[in-house]
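1. Structural data only, the sequence is not supplied:
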């Protein structure tokens, strides 16, 4: 599975409007890749606040 998420606010090194690929998670945050970062951990509260501002835009991709 692959999740592509749109950021509604700045979240660490990510800026509002960026699309990121969620590649994992840790107790401290979500692990994301984008054109700006690779394997970056974004704090849960910062990530979820940015996601909320984008009206929870998430695209889930699964194999057929």
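-> Alright, I've got the coordinates. Model, not experiment: these values are computed from the prediction.

2. In a helix, residue 47, correct?
-> Yes. Counting by DSSP: H, G, I helix; E, B strand; the rest coil, residue 47 is part of a helix.

3. Just give the nearest non-adjacent residue to it, would you?
-> residue 30 (4.7 Å; C-beta to C-beta, 6 or more residues apart in numbering). Bear in mind the C-beta positions are built from the backbone N, C-alpha and C, glycine included.

4. element containing that neighbour, please.
-> strand 29-33 (DSSP states H and E).

5. Tell me the helix or strand right after that strand.
-> By DSSP H and E, the next helix or strand past strand 29-33 is strand 40-43.

6. Sheet partners, orientation included, of that next one?
-> strand 29-33 (antiparallel) (DSSP bridges).

7. I'd like the mean pLDDT over the strand it pairs with, please.
-> In this model, strand 29-33 has a mean pLDDT of 94.

8. How far does it sit from its chain's centre?
-> Distance of strand 29-33 from its chain centroid, counting by C-alpha atoms, centre = their mean, to the nearest Å, is 6 Å.

9. which residues sit against it?
-> 5, 14, 20-25, 39-44, 46-47 (C-beta atoms under 8 Å, 6 or more residues apart in numbering).

10. buried sites along it?
-> Using 16 or more other C-beta atoms under 10 Å as the test for burial, strand 29-33 gives 29, 30, 31, 32.
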